[in-house]
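Chemist: model this:
(2 chains)
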2 protein chains.
Amino acid sequence: MTLNTLDRTHDPSLRSWLESANDPSSAFPIQNLPYCTIVRPHHQRGTVAVAIGDCVIDLSLLFQARLLDGIAGIDELGKGAIDGVAWNLNALLELPRTARVGLRHRLCELLREDNHGLRDNPRLLEVAMRPIKDTEFGVPVEVGDYTDFYASIHHASTVGAMFRPENPLLPNYKHVPIGYHGRSSSIVVSGKDIHRPVGQQSPPEADPAAGPTYGPCKMLDYELEVGCFIAGTNNLGEPTLIENAWERIGGLCLLNDWSARDIQKWEYQPLGPFLAKNFASTVSPFVITPEALAPFRIPASARPSGDPRPLNYLLDKDDQASGGFDITLEVLLQTKQMRANGEAPMPVCKTRAFRDMYWTFAQMIAHHTSGGCNLRPGDLLGSGTVSGPGPSERGCLLEATWDGPGKPRKPIQLPSGETRTFLADHDTVLLRAFCEKPGFRRIGFGDCSGTILPVRG
Amino acid sequence: MTLNTLDRTHDPSLRSWLESANDPSSAFPIQNLPYCTIVRPHHQRGTVAVAIGDCVIDLSLLFQARLLDGIAGIDELGKGAIDGVAWNLNALLELPRTARVGLRHRLCELLREDNHGLRDNPRLLEVAMRPIKDTEFGVPVEVGDYTDFYASIHHASTVGAMFRPENPLLPNYKHVPIGYHGRSSSIVVSGKDIHRPVGQQSPPEADPAAGPTYGPCKMLDYELEVGCFIAGTNNLGEPTLIENAWERIGGLCLLNDWSARDIQKWEYQPLGPFLAKNFASTVSPFVITPEALAPFRIPASARPSGDPRPLNYLLDKDDQASGGFDITLEVLLQTKQMRANGEAPMPVCKTRAFRDMYWTFAQMIAHHTSGGCNLRPGDLLGSGTVSGPGPSERGCLLEATWDGPGKPRKPIQLPSGETRTFLADHDTVLLRAFCEKPGFRRIGFGDCSGTILPVRG
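Modeler: A predicted model of the protein is given here:
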């Protein structure tokens, strides 16, 4: 299988019998078909669904109705879906890629406007299909381990200049895909409110002997990231080679890695960020498959001249195999006042810089496993904050309101007349993403949103 | 319930009908009763067992035989044990402490020399009890998230002096229980062999422009740590206060946090250790309960005069509640040559320094949750390398073979005539621990062992 083979599921002329999917502004046309975990009323456990247009369709009920029979390699998944045991997206991500591709093809077929199997089964549709707006979503995948990378060189350079003016980009950056382990337990799904964290902050500069202070975070920030859910397994001690790393990409999502900058600054030496990051990370509900993203694949970013060539274990002969994705990312901000005024969320960042990440997910996977570490189905990799070189392309407030060394921060001006250098209580942060390219349907990611609540009383 | 109440289960005169438990050298007298996960022949899933003397006893079969009926709060656990669904140590760690104490009391009763219920049931014992030496163990608990701390000030000072001679102990150390997130997927149980990892290492000092090298780790190390499995749950955003933190200690184990020092040195800035640590971490098979350790509890370490007082959220009025444990720890080393010669593993470290850790597990739990992070039953905290001030009390080779700044490392001399500055292929590292105190039975932890295999071919 060539890695970025396009097939009939990418054909832009394909239409669904669900009219909302054919709207050119829909994030979820029939060419997308992302998976999600939905909470069914009166059920304790979530179930897996596929999104199409403005609806989701419960896959376990499609299995029960035998509409997903006969797809090579997914019999066990079907049994799990029907009896409800071990049925979640992780089970799907355990399957070989061919089986996942088979499921995509079948779903595409069932949802096409000329297919009657599902469309003309109103009793099934009544229980299996529901509007996204009335659906409660869970975290799409049970995340075993979450690793956050630092793959945007623009982000690393700007932030490095703040924390280490004398030494912004460390000597390892252009050789090592820098990453660290994050917290799985506090990953929440879009829509869940986040309490402002409390923690230790640096002693006052004027009086270091006074010791650190303890109180509400005063520099609360978002981070615009792309997440990658891992497919398949490598045994402990068995690296996934760069040429096979693409097969481990199970799907992408949006990820807001909320950050408490004042806590981070005080705690992060020498072992890295801890409480500054582990109070919450928000993921979008939809897992966008690599198959849906195939038309938007790009080769690994060419290094600027003079930059070192990646070491062999990070370099594939087929440039495409280690490549990335061309995704446009946005951050929008809405304050309580703006909501009261009826003002729409204001864009504070828009960037295509994900195409220029210094390291791709394939390279991160090859690096992560190179020493023998095992990645399990459903493990999550974060790209790190995605920032571009331009002033409107900064993926966090730490960068967006920075005005240079020694200068006061330059607040963002909001339509309500308010300003922000960091997040205030009741602010809502919204991440969005889409891929577009002439000759293809636009593929959306769905919203990744979270609102800051005051410190827990 | 007073936190360190001693009760009849601690009575040193208690004896078991299983004679091996009464041997004063046994790690597992009736006063201990640690839990473990054993792999039953012909079963896909592990089951929970309790260790006594030189045997383990399958708890699910005791539940089936109705010998554990009527203990307040464990009915659901019993059902899970009998039907085999969701039956593991995590389910036990979800229970309120009173229920876990109830189970301990019942087990103590069933195993006492004057109790006939189990002793005189040979058909049950034949299936439920088996010698430890013939038992295959699993990782005792399914670890959701693993956090590693850095709580030994001796370790932090010595290692700091190597990595940052100008700045060994950072200004935050005496205020913040420094920790970082580790890798859950690569936690293995004692006895599992570990392949030497491969990875990037710093460019040669003589020629930095040559760039980093890539190859087998040349500075492979162990780390002597105590692990703490978390009991109970706190919701996201709801800190566990220091006065309740003791209740979250579900049990202790030994932990060897294998470390690739050359990989660590090159990769760890600015976000902390990553591949240097995530290729494997070994835990001992037995979870020693806080109840078994109650006689060995000690108040939180008094700070040297001049050291800052911990911030309020880390300081309990009841010194005892935030206190630690008095445990003696050992590291032993055995090479392939020593095995061939019939030479016993050689002690390379023996220390009681765990009593002097700068931060206790209760303080680590209060800190970890202070910003709102949730800890789930079965999450693992590592203490960080335990080192004492003396030359024979260094919990890793990085420290043990260090001879001061600028000096060559001083190798350890082994009885075989060999020397080690770091681990060689086929070396076995063995961690051991016990608590002892006049008037009480000695409580052992069981071995935590691992052997280094060559780089995977």
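Chemist: so what pLDDT did the residue of the stretch 151-300 of chain A found nearest chain B get?
Modeler: Nearest to chain B in the stretch 151-300 of chain A, going by Cβ to the nearest Cβ, is A:Gly272, at a distance of 2.6 Å. Glycine gets a C-beta too; all of them are placed from N, C-alpha and C. At A:Gly272, the model reports a pLDDT of 95.
Chemist: just how off-centre is the lengthiest helix in chain A within its chain?
Modeler: With DSSP state H setting the assignment, residue counts place helix A:97-111 as the longest helix in chain A. Centroid separation for helix A:97-111 versus its chain: 22 Å, with Cα atoms, centre = their mean, to the nearest Å.
Chemist: list the buried ones in it?
Modeler: Residues of helix A:97-111 classed as buried by neighbour count (16 or more other Cβ atoms under 10 Å in any protein chain shown): A:97, A:99-111.
Chemist: rewinding a little: with adjacent residues omitted, what lies nearest to the residue of the stretch 151-300 of chain A closest to chain B?
Modeler: B:Gly272 (2.6 Å; Cβ to Cβ, 6 or more residues apart in numbering or on different chains).
Chemist: same question, A:Phe440
Modeler: For A:Phe440, the spatially nearest residue (Cβ to Cβ, 6+ apart) is A:Pro295, at 4.6 Å.
Chemist: same thing with A:Leu68?
Modeler: That would be A:Leu62: by Cβ to Cβ, 6+ apart, it lies 5.3 Å from A:Leu68.
Chemist: What lies in contact with the helix or strand just after the longest helix of chain A?
Modeler: Stepping forward along the backbone from helix A:97-111, the first helix or strand reached (DSSP states H and E) is helix A:122-128. Helix A:122-128 has contacts (Cβ atoms under 8 Å, 6 or more residues apart in numbering or on different chains) with A:Ile57, A:Asp58, A:Leu61, A:Leu62, A:Ala65, A:Leu118, A:Arg119.
Chemist: Would you check which pair of those lies furthest apart?
Modeler: A:Asp58 and A:Arg119 (15.9 Å; Cβ to Cβ).
Chemist: between the two, which one's more packed in?
Modeler: Remark: of A:Asp58 and A:Arg119, A:Asp58 carries more neighbours, 21 against 16, as counted by other Cβ atoms under 10 Å in any protein chain shown.
Chemist: At the contact with chain B, which residues of the stretch 101-250 of chain A appear?
Modeler: Taking Cβ under 8 Å from any Cβ of the partner chain as the measure of proximity, the stretch 101-250 of chain A contacts chain B at A:144-145, A:150, A:160, A:163-164, A:170-172, A:175-176, A:178-186, A:188, A:194-195, A:197-200, A:203, A:208, A:211-212, A:214, A:217, A:236-239.
Chemist: Provide a list of residues in contact with the closest residue to A:Pro34 other than its chain neighbours.
Modeler: Nearest residue to A:Pro34 in three dimensions, chain neighbours excluded: A:Phe286, at 4.0 Å (Cβ to Cβ, 6+ apart). Neighbouring residues of A:Phe286 by Cβ under 8 Å, 6+ apart: A:Phe28, A:Pro34, A:Tyr35, A:Cys36, A:Ala51, A:Pro140, A:Cys253, A:Phe445, A:Gly446.
Chemist: Try it again at 7 Å.
Modeler: A:Phe286 makes contact with A:Pro34, A:Cys36, A:Ala51, A:Pro140, A:Cys253, A:Phe445, A:Gly446, according to Cβ atoms under 7 Å, 6 or more residues apart in numbering or on different chains.
Chemist: Mark which of those are part of helices, please.
Modeler: Per DSSP H, those never map to helices.
Chemist: thinking again about what came up before, pick out whichever of the contacts of helix A:122-128 sits closest to A:Arg15.
Modeler: Among these, and counting by Cβ to Cβ, the member closest to A:Arg15 is A:Arg119, at 12.1 Å.
Chemist: which non-adjacent residue is nearest that closest one?
Modeler: That would be A:Trp17: by Cβ to Cβ, 6+ apart, it lies 4.4 Å from A:Arg119.
Chemist: now A:Val101
Modeler: A:Glu291 (6.0 Å).
Chemist: pLDDT at the one you found, what is it?
Modeler: For A:Glu291, pLDDT reads 96.
Chemist: Look up phi and psi at it.
Modeler: Backbone torsions of A:Glu291, given as degrees, to the nearest 10, read phi -70, psi -40.
Chemist: That one contacts A:Gly102, correct?
Modeler: No. In this structure, A:Glu291 is not within contact of A:Gly102 by Cβ atoms under 7 Å, at 10.6 Å.
Chemist: can you count the residues close to A:Arg376?
Modeler: 19.
Chemist: got a list of what it touches?
Modeler: A:Gly144, A:Ile230, A:Thr233, B:Ser185.
Chemist: The first one contacts A:Gly378, correct?
Modeler: Yes. At 5.9 Å, A:Gly144 counts as touching A:Gly378 under the criterion of Cβ under 7 Å.
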